[in-house]
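>>> What follows is a predicted protein model with its sequence.
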Amino acid sequence: MPDHANAFSALFLRSRARRILLAIGISCVVLAVICFFGVGRWLVVEDPLAKARAIAVLSGGMPSRAREAAKLYREGYAPEIWLTHSTEPGETLAAMSIPFEGEDYYNVRVLVHEGVPAIAIHVLEPPIVNTADEMNAVAAALADKKDSTVIIVTTKAHTRRVRLLWRKTASGRGHAIVRAASDDRFDARRWWRNTGDALDVVREVLGLLNAWAGQPLRPGR
């Protein structure tokens with residue numbers, strides 16, 4: 001009798017363990033599905049608008065980011081617009097004796113086209129390689145100003161990483177209001193439906209992981 005009882009007890013425990021593992025597995029699958037479908041919306045964050053010293057346009061997303069900055073300028077949120085200056089592809093093309101004006105050159109033209117006077121547009125130094133460099137350049141420019149608030153304009157999927165990198169690299173050097181270009185076509189709810197949005201999500205998730213880890217991965221050369 002005791003042998004039968006022990007066998008029944010062992011069978012019951014194995015059955016219970018299988019049910020627990022199955023429940024854990026289902027929960028993990030459900031969580032993965034929720035994360036998959038929700039990551040696009042999670043990446044998009046914006047801060048309430050307020051008056052600032054300047055509007056900083058991050059490199060990339062041309063001309064959408066510059067147009068948004070011009071719109072904010074016309075609405076009176078800041079008296080200046082700052083542009084960052086990327087090292088690439090200018091350096092590579094220069095080595096091939098191929099002239100390249102630089103993205104900031106074209107952003108200036110977009111801003112002027114959108115009604116921003118040239119005197120209100122400034123290109124920040126030093127040249128940048130990645131978003132962390134941009135945060136440092138903007139924070140350094142802001143440190144010399146009386147008003148320590150800047151509006152940073154980027155694209156929708158990039159907003160969460162910009163906010164994180166500002167807190168990590170520019171903490172104590174001013175306040176940043178992160179805003180996305182309103183005409184950015186990134187579909188946060190259905191990002192998996194086109195390759196452009198999917199690549200944005202993958203890039204931003206990897207960038208966030210790198211930022212959280214202290215940026216052990218540096219830009220390629």
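Thanks, I have the structure now. Numbers count the residues shown, from 1 in each chain.
>>> How about the secondary structure of V178?
strand (DSSP: H, G, I helix; E, B strand; the rest coil).
>>> can you map out the strands along this structure?
Secondary structure of the chain (DSSP state E): strands at 54-57, 81-83, 121-123, 149-154, 175-180.
>>> Of those, flag the one that's most buried.
The highest mean neighbour count among the strands of the chain, using mean count of other Cβ atoms under 10 Å, belongs to strand 54-57: a mean of 30. From N, CA and C alone the C-beta is placed, and that goes for glycine too.
>>> mean confidence score for it?
When pLDDT is averaged along strand 54-57, the result is 97.
>>> Name the residues that touch stretch 44-52?
With Cβ atoms under 8 Å, 6 or more residues apart in numbering as the test, stretch 44-52 has contacts from 72, 76-78, 147, 149-151, 156-157, 159-160, 163, 176-180, 186, 188.
>>> Between the two ends of that stretch, what distance do you get?
21 Å (Cα to Cα, to the nearest Å).
>>> For it, buried residues please.
Within stretch 44-52, the residues scored as buried using 16 or more other Cβ atoms under 10 Å are V44, V45, A52.
>>> Out of those residues, the closest to V205 would be?
The closest of those to V205 turns out to be V44 (Cβ to Cβ; 13.1 Å).
>>> And that closest one, how far from E101?
Distance, V44 to E101, by Cβ to Cβ, to the nearest Å: 31 Å.
>>> Can you get me a residue count around the nearest residue to N107 once chain neighbours are set aside?
Spatially, and ignoring its direct neighbours in sequence, N107 is nearest to A66 (4.5 Å; Cβ to Cβ, 6 or more residues apart in numbering). For A66, the neighbour count with other Cβ atoms under 10 Å is 29.
>>> can you tell me which residues contact A66?
Shown in contact with A66 (Cβ under 8 Å, 6+ apart): V57, L83, N107, V110, L111, E114.
>>> cutoff 10 Å now
By Cβ atoms under 10 Å, 6 or more residues apart in numbering, the residues touching A66 are 55, 57, 81, 83, 103-104, 106-114, 116, 121, 153, 181.
>>> same deal with M62?
Residues near M62 by Cβ under 10 Å, 6+ apart: E103, D104, Y106, N107, V110.
>>> Just the pLDDT for V150.
pLDDT for V150: 96.
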